[in-house]
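Q: Sequence isn't available, so here's the structure alone:
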């Protein structure tokens, strides 16, 4: 996903580079405070580690192999700020020595992979592992963080590439940099990452995190299992002396920086039951809303801002070229919410509305159920 | 006299089941290939004749080379026309020839890879569907749009002049930029590139981290190679012999070993630095400067400015 040289305009490269500066400054300050004089070797070795794991291929069930980006893993293992610095160095070396990713585009690559992917992976991992939870929950949280973060990074890459033909083209319409508009660049990037790269990244990250937990190696922001007996000790912000040695200085120091992340240890140990997430009144409200959807049929005209080409022509007298070209591209699963074979009556349209609402709610519920299942704590907490 | 069985090529530890499709490259082989390509690049690159220690470009001041290449990359990024980019690319080839680099190998390295991939990616962007414009070649003209389920395809499809021009400029810019980058890396040691970055105002701490990463990268990747070679050497441990799970467990273990090794190395390197008097302040060792480090950036800047301005001034381009 490294953007090569020539795909982005110099001004985009400059803007993306400038956007990275505050993040890099903050990372420098945090890591310097955490590792003191060890900053230099810590970042160098972290970068070498991030680089090396990108070469590892993993067998996947269909007999083929795939490799992960390792960004989320680096963030979970090294912490967000050390990972950001390590990935910046890794990307710089990849660009300077191996021509992998552009030199001028380095700022954009650091922003997409270093800033966005690593920081979002860390934030999501902390969010999903908040409160008590065992190995299983942390493994699933790592996998979810890897999946979401790589897709966020892909989205940002798609937007940057998609903006190029919009902002930079010759007077005759010739695109000067990446040629695909947002409407194509973003879906192309997202399809590839949602379907292939994302699940693979999640698999590899989850497996590696499981191994690290099982072999007792501390992840960033977590006290060493052997060094700290009570998690409350880490939450107090006091760095326990045993944890500061044996190469886990970052785990202890992180208690002061992880903030919300470290504070979880003192919170209550009870988890709300899942069924409480959907109380009866909410279900009734949802049902009433579904029943009321055909009310939209009664007023004349279309909802404000949801005009089709015909309505737009009636309102303004012309249809923008882009809308005319793309209007018919996607018809939807249930076109105009109408069910074929029910005759042209109000009842037919009402049934179409109810059906569409049910399908929509079902899809949303399925998505949330999957997320909840992934984030569900293990049955054996504290393992 | 060797016995006949000793001269036979070694048989694979697990015979391939008959009647099934040929198994693709295992994760062990794929990783080892990536690792070996990296090590060949990191340890053995550039030593082509006329490379790092040969031609005039190899002897030139690295600070001048880094700045000059950066200016030419900027010129390529600002160029908007295929002929300007082609001229810049020809200049890179001429520089390679004059300094004694193998031009064929350079061109293969440049073009077989990212520019080729770029060309494949940019191919659909030449169509009127993506980039409307003056049609060069009609692919189909049905008139009305064709419906396939919920999708509606346009009734007319042509290769447009704007689309082809855009794709050509993109591919040429990528290739030209890569050409200059390889010109730099094939004639300059990594320490020289670091000095060039320092001269450009990159903070010394960042440059020191870059240099140290480059060194320990090889150490960690060699460890990775040993881990994977050892795994492949064990009969019965061939990938996929019992599904993907054992392989996945091995990979997870390898990542753990790498992490542990990097932690140990961090401590050892730090202790070694402190033992040698490191007190937290980075000082880069400066070699005696070669003469006229400004000459190459000046020439590169002039060429770049000429290329960019030739397109923009009235009467040019």
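A: Yes, it's here. Given the structure is predicted, the values throughout are model-derived calculations rather than measurements.
Q: From residue B:88, how far out is the closest residue to residue B:91 other than its chain neighbours?
A: With sequence-adjacent residues excluded and distances taken as CB to CB, 6 or more residues apart in numbering or on different chains, residue B:91 is closest to residue B:303, at 6.6 Å. The C-beta positions use only the backbone N, C-alpha and C, and glycine is treated the same way. Distance check for residue B:303 against residue B:88: by CB to CB, to the nearest Å, it reads 8 Å.
Q: who's more crowded, those two?
A: Set residue B:303 next to residue B:88 and count neighbours by other CB atoms under 10 Å in any protein chain shown: residue B:88 wins out with 24 against 17.
Q: Is residue A:172 in a helix, a strand, or coil?
A: coil (DSSP: H, G, I helix; E, B strand; the rest coil).
Q: so what's it closest to, chain neighbours aside?
A: The shortest distance from residue A:172 to any residue that is not its chain neighbour, by CB to CB, 6+ apart, is 6.0 Å, and that residue is residue B:162.
Q: Give the rounded mean pLDDT of the helix or strand harbouring the one you found.
A: Here residue B:162, judged by DSSP states H and E, is contained in helix B:161-187. Rounded to a whole number, the mean pLDDT of helix B:161-187 is 90.
Q: List of residues touching the helix or strand following that helix?
A: Tracing the chain C-terminally past helix B:161-187 and defining elements by DSSP H and E, one meets helix B:190-199 next. By CB atoms under 8 Å, 6 or more residues apart in numbering or on different chains, the surrounding residues in contact with helix B:190-199 are A:96-97, B:62-67, B:184-185, B:188, B:204, B:206-207, B:210-211, B:214, B:284, B:286-287, B:293.
Q: how about a cut-off of 6 Å?
A: Here helix B:190-199 makes contact (CB atoms under 6 Å, 6 or more residues apart in numbering or on different chains) with A:96, B:62-63, B:66, B:207, B:210-211, B:214.
Q: Next, the angle from that helix to helix B:161-187.
A: With axes from the mean of the first three to the mean of the last three CA atoms, to 10 degrees as the criterion, the two stretches helix B:190-199 and helix B:161-187 enclose an angle of 110 degrees.
Q: now helix B:190-199: mean pLDDT?
A: Helix B:190-199 shows a mean pLDDT of 87.
Q: Check which element follows that helix along the chain.
A: From helix B:190-199, the next helix or strand downstream (DSSP H and E) is helix B:204-233.
Q: Which strand or helix spans the nearest residue to residue B:184 once chain neighbours are set aside?
A: In space, and not counting its chain neighbours, residue B:184 is closest to residue B:69: 4.6 Å by CB to CB, 6+ apart. Assessed by DSSP H and E, residue B:69 sits inside helix B:62-78.
Q: pLDDT score assigned to residue 31?
A: Since no chain was named, I'll use chain A. The score at residue A:31 is 84. That number is its pLDDT.
Q: switch to chain B, that's the one I care about
A: The model's pLDDT for residue B:31 equals 87.
Q: So what's the residue count around it?
A: Residue neighbour count, defined by other CB under 10 Å, stands at 26 for residue B:31.
Q: just residue A:118 next, same as before
A: Neighbour tally, residue A:118, other CB under 10 Å: 32.
Q: Is it in a helix, a strand, or coil?
A: Residue A:118 carries the three-state label helix when classified by three-state DSSP.
Q: does it really touch residue A:72, like I thought?
A: No. Look at residue A:118 against residue A:72 with CB atoms under 6 Å: they stay out of range, at 7.3 Å.
Q: Find residues that contact each of the two.
A: Common neighbours of residue A:118 and residue A:72 are not found (criterion: CB under 6 Å, 6+ apart).
Q: Flag every buried residue along stretch B:260-275.
A: B:261-263, B:265-267, B:269-270, B:273 (16 or more other CB atoms under 10 Å in any protein chain shown).
Q: Including pLDDT, secondary structure and distance to chain A, could these go into CSV?
A: Rendered in CSV, the data for the buried residues of stretch B:260-275 read as follows (pLDDT from 0 to 100; DSSP: H, G, I helix; E, B strand; the rest coil; distance: CB to the nearest CB, whole Å):
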residue, pLDDT, secondary structure, distance to chain A
B:261, 90, helix, 8
B:262, 89, helix, 4
B:263, 87, helix, 4
B:265, 91, helix, 5
B:266, 90, helix, 5
B:267, 89, helix, 6
B:269, 91, helix, 4
B:270, 89, helix, 5
B:273, 89, helix, 7
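Q: for these, which one is nearest residue A:171?
A: Checking the buried residues of stretch B:260-275 against residue A:171 with CB to CB, the nearest one is residue B:262 at 52.9 Å.
Q: Nearest to residue B:121 among the contacts of helix B:190-199?
A: Distance ranking of those against residue B:121, using CB to CB, places residue A:96 first at 23.7 Å.
Q: how much space between the closest one and residue B:185?
A: Separation of residue A:96 from residue B:185 (CB to CB) stands at 7 Å.
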